[in-house]
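Engineer: have a look at this fold, sequence not included:
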């Protein structure tokens, strides 16, 4: 068997060290948008979230938590959505000097329950088992009056 100089021996491929291309050193890019954008822009982005997503985002990292917790604007927007259902309760809490976030936390579940009642979700409940797994919250007499009126109007 003659050696053909044009052909490279397979053994050469196995033994030859591959040269690594050297990469220029680059600074590590930021991990998320909140590290590069001004806080005001991050607040605008977070402002697109609903209340539950906003609370989840606040648990994502320290930077997001700091931005979200420190922005009354974010909590105000969410609280005004709750106010559409629970105007009396939200206005009362705000007149007592509570922050937008505290007012939202106090009234969010109440607004969900009240909204479901007013929409007729519980109009045809025939047993307590049908409510199992649902969150309920105390409602004041005026709210019950609104709910009863909505039931009568159906």
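Structural biologist: Sure, I can see it. Quick caveat: nothing in here was measured; it's all calculated off a predicted structure.

Engineer: spatially central residue for the protein, please.
Structural biologist: residue 53 (1.0 Å; C-alpha atoms, centre = their mean).

Engineer: mind listing what residue 39 touches?
Structural biologist: Residues in contact with residue 39, defined by C-beta atoms under 8 Å, 6 or more residues apart in numbering, are residue 67. In short, each C-beta sits where N, CA and C put it, glycine included.

Engineer: same check on residue 120?
Structural biologist: 150-151, 154.

Engineer: quick one: end-to-end length of stretch 121-128, please.
Structural biologist: 14 Å (C-alpha to C-alpha, to the nearest Å).

Engineer: kindly apply the preceding question to stretch 57-74 instead.
Structural biologist: Start-to-end, stretch 57-74 (C-alpha to C-alpha) is 12 Å.

Engineer: what sits up against it?
Structural biologist: Residues outside stretch 57-74 that contact it (C-beta under 8 Å, 6+ apart): 32, 34-35, 39, 42-43, 46-47, 49, 54, 99-101.

Engineer: which of those sits closest to residue 133?
Structural biologist: Ranked by distance to residue 133 (C-beta to C-beta), those are led by residue 54 at 24.1 Å.

Engineer: report how many residues lie close to that closest one.
Structural biologist: Residue 54: 21 surrounding residues under other C-beta atoms under 10 Å.

Engineer: and what of residue 38?
Structural biologist: 9.

Engineer: quick one: it from residue 44, how far?
Structural biologist: Distance, residue 38 to residue 44, using C-beta to C-beta, to the nearest Å: 10 Å.

Engineer: for residue 137, same thing?
Structural biologist: 32 Å.

Engineer: which stretches of this protein have low pLDDT?
Structural biologist: 1-30 (pLDDT under 70).

Engineer: just the helices in it please.
Structural biologist: Ranges of helices in the chain, per DSSP state H, are 10-15, 33-36, 39-46, 51-58, 62-69, 72-83, 87-95, 100-118, 141-153.

Engineer: who wins for proximity to residue 129 among these?
Structural biologist: helix 100-118 (17.2 Å).

Engineer: for the closest one, packing partners?
Structural biologist: helix 72-83, helix 87-95, helix 141-153 (3 or more C-beta pairs under 8 Å, 6 or more residues apart in numbering; DSSP states H and E).

Engineer: buried set for the longest one?
Structural biologist: Residues of helix 141-153 classed as buried under the neighbour-count rule (16 or more other C-beta atoms under 10 Å) are 143, 146-147.

Engineer: fine by me, thanks again.
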